[in-house]
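Engineer: predicted model and sequence follow; I will ask about them next.
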Amino acid sequence: MTIEAQAVIGALYGDEGKGLMVDRLAAATSGAVVVRSNGGAQAGHTVVGEAGARHVFHHLGSGSFAGAATHFSRFFVAHPMLLLDELAALDALGVKPETSSDPRAPVTTPFDVIINQALELARGGARHGSCGLGFGETIERNLRPEFALSTKDLFRPDLQDRLVSIRDAWVPVRLAALGITALPAELAAALADETTIARFQADCAAYLDRVTLWPDRRLCERGAVIFEAAQGLLLDQDSGGFPHVTRSKTGLANMLAISAEAGITEINATYATRCYTTRHGTGLLKGEVPVLPGIKVADPTNAPNEWQGTLRLAPLDLGVLCEAIARDLALERGGIAVKAGLAVTCLDQADDGFVVADREEAMQLDPTKAAAHISDRVGLPLCAESWGPRRGDVRLCMDAAAA
């Protein structure tokens, strides 16, 4: 018996239009459940509804406008403090997504945020581009069983004691390991504030009121699965340019592991890329330029900010794109079939004759023919191209063929 799932994966450094592609898939899929397969609240997937409402999805799946439910997999890092704000923002738009979580999903505490921000501030001009939300620090802490905190632990009668232990025993050890001897005044005050734990416990209680515990192995009972990856393949913890990577697997790996538990036998994956390349923070960006020839970059989501700085730009390098996708598709699949296709986004921002890099040479492409050329170079069928920020701006192409 074949049980299929769909997937959207960022092919480069993130910000490739994954939210738009998930929204499009969810609108075409009855009873969809969007599964967050990696990352956490540091994701920022923008969706503009057909009526003009705009939301940047951090926790909730990007299919929410289309009526899809959301599921946090065991690889997703929950952030109760921020989830409640996002739910309130969606409530104001009349969107109330049903939400579930695998009991094993790690949970971010205020102390992970404090350590994360202290580390980035200490790096000064050499910041890695973290969002300062504690994602990587949550992963690090959960490597220590005595300090680990997952969604199921939020029901523990000794939750307060566990949080006190994290504050009093884990934080000093972690700061010392990072070489941080003193915290900035604001962070030090938050760490010392005795109400910090009480406020967090209240957030956790409210989180549990809105999120149903549901194991990944029963995922297909929730609906037709659409995996939504966060970040991009070139930020993968195993294959990205260390140390400027995220603490998660950004491509097929987690999806395959979840599928094995849930009995999913086939994944139809869409790899998304802009028609140019962007990156936040430090790290390699091949062909980086201050201004992109033939591109009018429009990106209100990624405005310059304190933690990630200014969005960096480069022409799309077709060789880099091809290698990143090929590496992901070469993963051991454990008998799960994978079909793959390509989606090219932001074509509405390209003038006639915009530039991409192909075999170390600059090539000018006509935007109306660019997606087909890019997909041909990658060796995948073109499944979608976008000419604007809304679902209706996406042109659907042929179904992805087997990879």
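Structural biologist: Happy to help now that I have it.
Engineer: if I pick G241, what's in contact with it?
Structural biologist: L234, G283, L284 (CB atoms under 8 Å, 6 or more residues apart in numbering). To be clear about C-beta, it is placed using only N, CA and C from the backbone, and glycine gets the same treatment.
Engineer: helices along this protein, start to end?
Structural biologist: For the chain, applying DSSP state H gives helices covering 18-27, 80-92, 110-123, 135-141, 159-165, 171-177, 185-192, 195-210, 252-262, 318-329, 367-378.
Engineer: of all those helices, which one is nearest T99?
Structural biologist: helix 195-210 (6.1 Å; CB to CB).
Engineer: which elements pack onto that closest one?
Structural biologist: helix 80-92, helix 110-123, helix 159-165 (3 or more CB pairs under 8 Å, 6 or more residues apart in numbering; DSSP states H and E).
Engineer: just those: most buried one?
Structural biologist: Stretch with highest mean neighbour count among the helices and strands packed on helix 195-210: helix 110-123 (a mean of 21; mean count of other CB atoms under 10 Å).
Engineer: picking up where we left off before, out of the helices and strands packed on helix 195-210, flag the one nearest P367.
Structural biologist: The closest of these to P367 is helix 80-92. By CB to CB, the value is 33.4 Å.
Engineer: ok, and the closest non-adjacent residue to the residue positioned nearest the centre of the chain?
Structural biologist: Residue closest to the average C-alpha location in the chain (CA atoms, centre = their mean): A230, at 1.7 Å. In this structure, A230 finds its nearest non-sequential neighbour in G39, 2.9 Å apart by CB to CB, 6 or more residues apart in numbering.
Engineer: go ahead and confirm the one you found touches G251.
Structural biologist: No: judged on CB atoms under 8 Å, G39 makes no contact with G251 at a distance of 11.9 Å.
Engineer: identify the contacts common to those two.
Structural biologist: Joint contacts of G39 and G251 (CB under 8 Å, 6+ apart) are A229.
Engineer: P389 touches T46, doesn't it?
Structural biologist: Yes: contact criterion CB under 8 Å: P389 and T46 qualify, at 7.2 Å.
Engineer: which residues are common contacts for the two?
Structural biologist: Common neighbours of P389 and T46 (CB under 8 Å, 6+ apart) are L20.
Engineer: residue contacts, G49?
Structural biologist: Per CB under 8 Å, 6+ apart, neighbours of G49: H55, F65, L93, R390.
Engineer: any of these buried? List them.
Structural biologist: Neighbour-count burial (16 or more other CB atoms under 10 Å) applied to these gives H55, F65, R390.
Engineer: how about the second one: what's its closest non-neighbour residue?
Structural biologist: Using CB to CB, 6+ apart and skipping residues adjacent in sequence, the residue nearest F65 is G49, 4.7 Å away.
Engineer: next: the last one.
Structural biologist: For R390, ignoring the flanking residues on the chain, the nearest one in space by CB to CB, 6+ apart is V48 at 4.9 Å.
Engineer: and the pLDDT at the one you found?
Structural biologist: In this prediction, V48 carries a pLDDT score of 95.
Engineer: number of residues surrounding it?
Structural biologist: Neighbours of V48 under the rule other CB atoms under 10 Å: 19.
Engineer: any idea how far it is from T277?
Structural biologist: Using CB to CB, to the nearest Å, we find V48 at a distance of 22 Å from T277.
Engineer: same question, T70
Structural biologist: Relative to T277, T70 is positioned 29 Å away (criterion: CB to CB).
Engineer: of these two, give the one with the bigger neighbour count.
Structural biologist: T277 (28 against 25).
Engineer: which residues does L285 contact?
Structural biologist: L285 touches Y13, T277, R279, R312, A314, counting by CB under 8 Å, 6+ apart.
Engineer: let's see 6 Å
Structural biologist: By CB atoms under 6 Å, 6 or more residues apart in numbering, the residues touching L285 are R279, R312, A314.
Engineer: count of neighbours near the residue nearest to the second one when sequence neighbours are not counted?
Structural biologist: Translated: R312. Closest residue to R312 in three dimensions, ignoring its sequence neighbours and counting by CB to CB, 6+ apart: R279, at 4.7 Å. Using other CB under 10 Å, R279 has 24 other residues around it.
Engineer: low pLDDT regions in the chain?
Structural biologist: 124-130, 302-309, 398-403 (pLDDT under 70).
Engineer: looking at the buried ones among the contacts of G49, spot the one nearest L25.
Structural biologist: Comparing the buried ones among the contacts of G49 against L25 with CB to CB places F65 closest, at 12.2 Å.
Engineer: against A122, how distant is the closest one?
Structural biologist: Distance from F65 to A122, counting by CB to CB: 39 Å.
Engineer: with M255 instead?
Structural biologist: M255 sits 35 Å away from A122, going by CB to CB.
Engineer: just give the nearest non-adjacent residue to L149, would you?
Structural biologist: Leaving aside its chain neighbours, L149 sits nearest to V107 (4.8 Å; criterion: CB to CB, 6+ apart).
Engineer: tell me how many other residues crowd that neighbour.
Structural biologist: 23.
Engineer: these two touch, right, it and A148?
Structural biologist: No: contact between V107 and A148 fails when scored by CB atoms under 6 Å: they sit 9.3 Å apart.
Engineer: apart from its chain neighbours, what residue comes closest to W387?
Structural biologist: D348 (4.5 Å).
Engineer: give me the number of residues near that neighbour?
Structural biologist: Applying other CB under 10 Å, I find that D348 has 15 neighbouring residues.
Engineer: what does A7 give?
Structural biologist: Neighbours around A7, by other CB under 10 Å: 27.
Engineer: and it, how far from V344?
Structural biologist: 17 Å.
Engineer: before we move on, what about K369?
Structural biologist: With CB to CB as the criterion, K369 and V344 are 11 Å apart.
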